[in-house]
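okay, here's the prediction I keep looking at, along with the sequence it came from:
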Amino acid sequence: MALQHFHLPSVEERCAYLADMKSATEYRVLSGVTPAEHERLLELGWRHFGSQYFRPVCAACQECLSLRIPVAEFKPSKSQRRAAKRCGSLRVEVGLPTADDQRLALFHAWHAMREQTRGWKPSVMTREEYEQCFCHPHPFSRELSYYEGDRLAAIGHVDLTPNAVSSAYFFYDPRLRPLGIGVASVLFEIQWALENGRSHLYLGYCVRACPSTAYKAQFTPHEILVGRPEFSDMPVWRAVE
């Protein structure tokens, strides 16, 4: 694994998930990461944007739970099946991540909705920043483009490793929110993982008291990473029905 900067100082800031809490995050900037190496990082609870990898290291809190779904065992609920049916007319294309004005406008429209409904800070992401976050030339990065007819409706950024798919980021046209497109996108990623012979879908961190992430626990059965394993450790994932 080639490293640009192996270890950056931990950063303490206001928690993005829990009000009135502080968070501490460990960062590492990595280049030349292979799909197998990336999978190892996922197994240890790391996430990434571009070449910047991170994980929570809050001393007094363990609420950020790394969650993954064993796709062959997954059973959708009735409400999840309804969401998939409502979004069944969407066409999905799989390709390499792309940055353009259309995608940036879709991101800002989605983020503006989150600012209204969830109190998020306004986004000032530029096209260059979008490229850095979502279009780094990793060999494992893929883009799922959702179309409503010929109109771009949603974008899912995922990572494809030897044994898994990792859901990195998803945003969509706010008009589609009533359809449950967020839920439908997870079901599509599960099916895509199955069709490509992968065993797990990683959904990132689940914080039960945060609506933006708590929904992940509704996909069952799933597995939760125990503790914060180091690079030399064997990670333990606990099954949750």
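Yes, it's here. Numbering: from 1, shown residues only.

most centrally placed residue in this protein?
With distances taken as CA atoms, centre = their mean, the residue of the chain nearest its centroid is A168 (2.8 Å).

buried set for the helix or strand harbouring that one?
Under DSSP states H and E, the secondary-structure element containing A168 is strand 164-172. By neighbour count on 16 or more other CB atoms under 10 Å, the buried set for strand 164-172 is A164, V165, S166, S167, A168, F170, F171, Y172. Bear in mind the C-beta positions are built from the backbone N, C-alpha and C, glycine included.

chain neighbours aside, what residue packs nearest to the fifth one?
Looking back up the chat, that one is A168. H157 (4.4 Å; CB to CB, 6 or more residues apart in numbering).

for the one you found, helix, strand, or coil?
Counting by DSSP: H, G, I helix; E, B strand; the rest coil, the backbone at H157 sits in strand.

so what sits opposite it in the bridge?
With beta bridges defined as DSSP bridges, H157 has these partners: E143, Y169.

do you know how far it is from F170?
Distance, H157 to F170, using CB to CB, to the nearest Å: 7 Å.

next secondary structure after the lowest-mean-pLDDT helix or strand in the chain?
For the chain, scoring each helix and strand by mean pLDDT, DSSP states H and E identifies strand 3-14 as the least confident one, at a mean of 61. Note on strand 3-14: by DSSP H and E, the next helix or strand toward the C-terminus is strand 22-30.

now that next one: buried residues?
For strand 22-30, the neighbour count (16+ other CB under 10 Å) marks S23, T25, E26, Y27, R28, V29, L30 as buried.

ok so, going back, distance from the next helix or strand after the strand holding A168 to the middle of the chain?
Heading C-terminal from strand 164-172, the first helix or strand you meet, by DSSP H and E, is helix 181-195. Using CA atoms, centre = their mean, to the nearest Å, we find the averaged C-alpha position of helix 181-195 to lie 12 Å away from the chain's own average C-alpha position.

in its sheet, which strands sit next to the following helix or strand past helix 181-195, and in what direction?
Counting by DSSP H and E, the next helix or strand C-terminal to helix 181-195 is strand 200-206. Sheet pairing of strand 200-206 (DSSP bridges) gives strand 65-70 (antiparallel), strand 164-172 (parallel).

among these, which comes closest to F231?
When the strands paired with strand 200-206 are compared for distance to F231 using CB to CB, the nearest one is strand 65-70, at 15.1 Å.

next, the angle from that closest one to helix 181-195.
An angle of 50 degrees separates the directions of strand 65-70 and helix 181-195 when computed by axes from the mean of the first three to the mean of the last three CA atoms, to 10 degrees.

so after strand 65-70, what's the next helix or strand?
With elements assigned by DSSP H and E, the helix or strand that comes after strand 65-70 is helix 78-86.

other SSEs contacting that following helix?
Packing partners of helix 78-86 (3 or more CB pairs under 8 Å, 6 or more residues apart in numbering; DSSP states H and E): helix 181-195.

which positions in the helix it packs on come out as buried?
By neighbour count on 16+ other CB under 10 Å, the buried set for helix 181-195 is I181, G182, V183, A184, S185, V186, L187, F188, E189, I190, W192, A193.
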